[in-house]
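1. predicted coordinates and the sequence they were generated for:
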Amino acid sequence: MSNRPIGVFDSGVGGLSVFSQLVKLLPDENYIYFGDTINLPYGSKTQDELVEITRKIFDFFKSKNVKAVVMACNTTSALTYEILKPYYDFKIYPIVQTVAKNIATQGYGRIGVFATQGTINSHAYKREFAKYSNAQVFEIACPEWVNIVENELQADEKSVENIKMHLDEMLINNPDKIILGCTHYPYLLGVLSKLTSSDKFINPAKSFAEFIYNDLEENNLLCNKMLHEHKFYVTSNPKQFANASKLFYKVQEITEIKL
Ligand code: DGL
């Protein structure tokens, strides 16, 4: 069981911010990364559409005999995890629920969340925080940011203006920390930290990967051979995926598939 692969998925390159942390902590594991680029962006899809999409991805991972699936996508964690979890017998790690619990127990009083429209409309972060703390949670959707990242438009004047606009709106709330609640957003840290102190932002990828490491260890699911196999699948545009991914991971071979 423990030598079976770990599946990681997102709508595109965003999940590589989590994947790269996992590979650092757990270099011996076998990984299958799935970037659902044909359905990107997830943030503007309905819950029903996302449940259907995630079901297909879980079935794909099931066919690959994975031991665990990492939902390196906030939008599907927020909108599909609770619905689909009962139907699968591998471990499932949802980013929103894991990260919110971890940050909520650190004692901050005012927390900002930047995320996709879908995640914000679900209020998943607010809901999860309320389980563990009395922190005030300020949620702001940044619907343009996923496309900025996927198309490598970070340096574009219009992108910087848009990033500043959302940041200014958030800073009015005077948050102690701002969670980058979409796995694409850490790719914008270069721009964000020119506009305000980089200490303000929480990129949850590292603590999420640490949680997964500890949980696999506790459940005796760490791989005990040095397998190091990394497979990448996308549902469209492998070239664009390879280009946009450079900041977090140098992807070698990418297979294009349809589900
Ligand atoms: N990166 C994903 C997330 O964490 C989804 C972005 C999108 O496709 O809209 O929410």
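-> Happy to help now that I have it.

2. so the spatially most distant residue from the centre of the chain is in which element?
-> In the chain, the greatest distance from the average C-alpha position (CA atoms, centre = their mean) is reached by K225, at 27.2 Å. Remark: K225 resides in no helix or strand, with elements defined by DSSP states H and E.

3. so the helix or strand bottoming out on mean pLDDT in the chain, near the ligand or not?
-> Within the chain, no helix or strand scores below helix 238-244, which has a mean of 92 by mean pLDDT, DSSP states H and E. No - contact of helix 238-244 with the ligand (CB under 6 Å from any ligand atom) is absent, the minimum separation being 12.0 Å. Where C-beta positions appear, they are placed from N, C-alpha and C, glycine not excepted.

4. distance from the chain centre to that helix, please.
-> 18 Å (CA atoms, centre = their mean, to the nearest Å).

5. please work out the average pLDDT along the next helix or strand after that helix.
-> Next along the chain after helix 238-244, taking DSSP H and E as the criterion, comes strand 254-256. Strand 254-256 comes out with an average pLDDT of 96.

6. show me what strand 254-256 is packed against.
-> strand 230-234, helix 238-244 (3 or more CB pairs under 8 Å, 6 or more residues apart in numbering; DSSP states H and E).

7. dump the residue contacts of the residue farthest from the centre of the chain.
-> 3, 28 (CB atoms under 8 Å, 6 or more residues apart in numbering).

8. and the nearest residue to A115 once chain neighbours are set aside, what pLDDT?
-> Nearest non-adjacent residue to A115, counting by CB to CB, 6 or more residues apart in numbering: G181, 3.5 Å away. We note a pLDDT of 98 for G181 in this prediction.

9. how about the one 3 residues further on?
-> Listed pLDDT for H184 reads 94.

10. which secondary structure elements does the least confident helix or strand of the chain sit against?
-> Checking 3+ CB pairs under 8 Å, 6+ apart, helix 238-244 ends up next to helix 145-150, strand 254-256.

11. 7 Å instead, please
-> strand 254-256 (3 or more CB pairs under 7 Å, 6 or more residues apart in numbering; DSSP states H and E).

12. list the buried ones in the strand it packs on?
-> I254 (16 or more other CB atoms under 10 Å).

13. next: stretch 213-233.
-> Buried residues in stretch 213-233 (16+ other CB under 10 Å): 213, 216, 221, 223, 230-233.

14. quick one, helices of the protein?
-> Remark: helices assigned in the chain by DSSP state H are 16-25, 47-63, 74-84, 95-104, 117-122, 124-132, 145-150, 157-171, 189-195, 205-218, 238-244.
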